[in-house]
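# Sequence first, predicted model second:
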Amino acid sequence: MALRHEPVTAHRSQQGRVAAGALALAAIGILIGGAFAGLAVEAVQSWQGAIAAFDSYLLRAARFTLVQAGLSTLLSVIPAIFVARALARHPRFPGRGLILQLFAVPLALPGIVAALGVLALYGRAGLLAPPLSWITGETWQGIYGLSGILVAHVFFNMPLAARLFLAALEAVPADQWKLSAQLGMGPGAIFRLIEWPAIRAALPGVATLVFMICAISFTVVLTLGGGPRATTLEVAIYQALRFDFDPARAIALTLVQVILTAGIIIVLARLGASMTGDANLPTTSRRAVFPSSGETGLNAAVILLALAFVAGPMAATVIAGLVADLSRLAREPAVHAATATSLILAALAAFLCLLLSIALVAARRALEIARGSPSPGPLERLTDTGASLVLIVPPIVIGAGWFILLRRFGDVFVFAPLMVVTVNAVMAMPFAMRAIRPAYDAASARHEKLCLTLGITGLDRFRLVDWPGLKRPAATGFAFAMALSLGDLGVIALFGSDQVKTLPYLLLERMGSYRTADAAGLALFLGLFCLALMFFAAHWAREKPWR
């Protein structure tokens with residue numbers, strides 16, 4: 001009888017997890033499907049206006065989206081190759097670990113904070129304005145427009161690309177380095193025969209990832225765009241809804257944006273690049289390298305220039321923030337309300353992200369165990385990659401669809417909290433699942449048979465068996481999701497109002513009213529919040545007992 005009852009217990013246990021995963025997929029489907037439903041209904045009713053919106057303005061926005069993404073990719077990836085090689089050639093020197101940690105900071109900074117840092121350094125009244133005016137021989141006008149967008153994108157993506165290239169170089173087998181030392185190969189031969197093949201293998205994926213990030217950039221372009229000539233598709237969607245209220249044009253822009261994003265995602269998947277942009281670097285290197293004094297000096301110059309470029313906007317953000325009247329800002333009721341709103345919405349988004357991610361991870365594992373064939377079925381594939389599909393549809397596109405749909409039911413701004421929480425939760429899921437899945441799969445491999453034997457299922461299994469091993473990765477995913485949500489401006493830019501303001505939205509308002517000192521102080525607050533959360537995420541991720 002025991003042999004007969006075991007499969008029944010296993011089936012019931014797997015059914016519950018699969019059902020939870022199906023509900024999570026349904027929630028994602030409703031969020032994305034509702035956005036497209038809103039766009040479709042409006043397109044049917046205003047099809048003539050939508051067709052007419054395919055005009056020179058749309059083509060100009062699409063062209064600028066591709067041009068700025070392409071230039072940003074070139075300016076980020078090419079220097080990153082030299083920076084990564086310089087770091088790889090010197091695996092041990094004082095401060096190397098600190099530099100790598102500093103290169104991870106831009107990923108944690110909200111886009112609007114980084115944009116303000118760039119303006120604080122290179123703007124008309126920035127820290128470098130006097131020397132730049134002296135160099136150019138005329139009053140420095142700042143870097144709004146394409147130049148500002150490029151600088152901000154390189155600030156974000158050059159460190160990311162350098163870490164990814166460095167990870168590729170660190171993955172080269174140690175035997176190759178030993179052989180190069182035994183043969184007395186010079187730096188040119190080493191680069192040609194060892195380093196370049198590793199970089200070349202990683203180059204398509206890294207370049208496409210950076211291109212994708214820049215193509216769907218919203219906050220940086222909104223803050224630094226500087227006019228109609230420097231407008232991407234996402235910013236044009238925002239302007240069409242919030243300023244012109246032209247749903248027909250928003251539909252046409254959204255269609256082009258989705259086609260563009262889907263095309264990039266397909267290329268990215270074929271190249272094997274990771275959309276999360278994670279670069280796990282070893283803490284120490286066992287390679288023995290012997291660079292010459294001339295090469296050491298050149299590599300030191302490359303590293304110092306990259307360090308200055310990355311650290312400059314961060315330092316400018318801190319300096320500008322400290323110059324602001326922080327004590328007054330800290331006492332303002334508007335700041336209190338925006339901070340409380342941001343923290344509450346970000347925590348709810350992170351909690352929802354965690355629930356959905358665990359449900360999908362558990363369902364995928366249950367389907368994998370129950371699978372009779374070597375290849376996964378459609379539902380298992382969806383639980384594995386369904387969360388990543390949301391990356392095809394940027395937050396501003398989802399927000400635009402729901403903005404158009406919800407206006408049929410009343411005041412759209414009433415739905416701001418719900419939209420911010422749900423969209424940010426789903427957008428953070430690929431990152432959270434990456435942290436949670438290894439721990440859950442390892443725990444399942446150890447305890448699956450024991451749970452079936454003892455009949456432990458449902459919430460009892462999760463509480464007693466799964467959760468102890470998930471605490472640390474779940475905390476990592478929660479902190480990461482909360483940091484992403486805390487600094488997001490995409491959805492709140494559409495749904496924000498006097499009743500619902502987050503810190504990024506309040507910061508954007510202060511910038512729009514030319515209260516730059518207040519904006520700098522708020523940027524410092526927001527940056528510190530996000531960096532603290534990312535610090536905790538990195539701290540919890542360092543110890544991985546499931547490995």
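Right, received. Where do you want to start?

# What's the mean pLDDT across the helix ranked longest in the chain?
Across the chain, the helix with the greatest residue count (assigned by DSSP state H) is helix 2-45. The average pLDDT within helix 2-45 is 76.

# so S133 makes contact with T139?
Yes - S133 is within contact range of T139, at 5.6 Å (criterion: Cβ atoms under 8 Å). Yep, even glycine has a C-beta here, placed from its N, CA and C like the rest.

# Among these two, which residue is more densely surrounded?
S133 (14 against 10; other Cβ atoms under 10 Å).

# Name the nearest residue to that one, sequence neighbours excluded.
The shortest distance from S133 to any non-neighbouring residue, by Cβ to Cβ, 6 or more residues apart in numbering, is to W140 (4.3 Å).

# Helix, strand or coil: sort out the one you found for me.
coil (DSSP: H, G, I helix; E, B strand; the rest coil).

# now swap in the one 4 residues further on and tell me
Classification of Y144 using three-state DSSP returns coil.

# pLDDT value on it, please?
83.

# and it, what does it touch?
By Cβ atoms under 8 Å, 6 or more residues apart in numbering, the residues touching Y144 are 224-227, 230.

# Max pairwise distance over those: which two?
L224 and G227 (10.7 Å; Cβ to Cβ).

# If you count surrounding residues, which of these two has more?
Neighbour comparison, L224 and G227: the larger count goes to L224, with 28 against 8 (by other Cβ under 10 Å).

# hmm, back to that, tell me which strands and helices the longest helix of the chain is in contact with?
Under the contact criterion of 3 or more Cβ pairs under 8 Å, 6 or more residues apart in numbering; DSSP states H and E, helix 2-45 touches helix 247-271, helix 333-370, helix 378-385, helix 395-406, helix 416-454, helix 458-461.

# Quick check on P173: phi, psi?
Note on P173: its backbone torsions stand at phi -60, psi 140 [degrees, to the nearest 10].

# now this protein, which segments are flagged as low pLDDT?
Applying pLDDT under 70 to the chain flags the ranges 1-13, 226, 269, 271-291, 372-373, 387, 389, 458, 540-547.

# show me what contacts L391?
261, 265, 275, 427, 430.

# Assign it to helix, strand or coil.
Here L391 is recorded as helix under three-state DSSP.

# For A22, see how far away it is.
21 Å (Cβ to Cβ, to the nearest Å).

# ok, now V414?
30 Å.

# Next: A359.
From A359 to A22 the distance is 9 Å (Cβ to Cβ).

# Now render the helices and strands packed on helix 2-45 as TSV, adding distance to I51 and mean neighbour count.
Output for those, formatted as TSV (distance: least, Cβ to Cβ, whole Å; neighbours: other Cβ atoms under 10 Å):
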stretch	distance to I51	mean neighbour count
helix 247-271	8	20
helix 333-370	37	21
helix 378-385	34	17
helix 395-406	17	25
helix 416-454	28	21
helix 458-461	53	14
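
# and A125, which of the ones you listed is closest to it?
Closest approach to A125 among these (Cβ to Cβ): helix 333-370, 23.2 Å.

# could you say what helices and strands that closest one packs with?
When contacts are defined as 3+ Cβ pairs under 8 Å, 6+ apart, helix 333-370 packs onto helix 2-45, helix 378-385, helix 416-454, helix 467-486, helix 503-512, helix 516-542.

# how about 10 Å then?
helix 2-45, helix 326-331, helix 378-385, helix 416-454, helix 467-486, helix 490-495, helix 503-512, helix 516-542 (3 or more Cβ pairs under 10 Å, 6 or more residues apart in numbering; DSSP states H and E).

# Give me whichever of those is most buried.
Stretch with highest mean neighbour count among the helices and strands packed on helix 333-370: helix 490-495 (a mean of 25; mean count of other Cβ atoms under 10 Å).

# for it, packing partners?
Judged by 3+ Cβ pairs under 10 Å, 6+ apart, the packing partners of helix 490-495 are helix 219-224, helix 233-242, helix 333-370, helix 395-406, helix 416-454, helix 503-512.

# how about a markdown table for these, with distance to V172 added?
Listed next are these as a markdown table, based on distance: least, Cβ to Cβ, whole Å:
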| stretch | distance to V172 |
| --- | --- |
| helix 219-224 | 34 |
| helix 233-242 | 38 |
| helix 333-370 | 32 |
| helix 395-406 | 38 |
| helix 416-454 | 24 |
| helix 503-512 | 41 |
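
# and of those, who's closest to G186?
G186 lies closest, by Cβ to Cβ, to one member of the helices and strands packed on helix 490-495: helix 416-454, at 39.7 Å.

# now the angle from the closest one to helix 395-406?
110 degrees (axes from the mean of the first three to the mean of the last three Cα atoms, to 10 degrees).

# overlap in contacts of A359 and A22?
T383 (Cβ atoms under 10 Å, 6 or more residues apart in numbering).

# What distance do you get for G95 to P313?
From G95 to P313 the distance is 20 Å (Cβ to Cβ).

# Tell me which of the two has more neighbours.
It is P313, of G95 and P313, that has more neighbours when counted by other Cβ under 10 Å, with 27 against 10.

# I'd guessed the more buried one sits against I143; true?
No - counting by Cβ atoms under 10 Å, P313 sits too far from I143 to count as a contact (11.5 Å).

# Name the residues contacting each of these two.
Residues within reach of P313 and of I143 at once, by Cβ under 10 Å, 6+ apart, are 118-119, 121-122, 126, 151-152.

# Output those in TSV, with distance to A445, secondary structure and neighbour count appended to each entry.
Shown next, in TSV, are these (distance: Cβ to Cβ, whole Å; DSSP: H, G, I helix; E, B strand; the rest coil; neighbours: other Cβ atoms under 10 Å):
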residue	distance to A445	secondary structure	neighbour count
V118	47	helix	27
L119	51	helix	29
L121	50	helix	23
Y122	52	helix	23
G126	54	coil	21
V151	47	helix	24
A152	44	helix	29
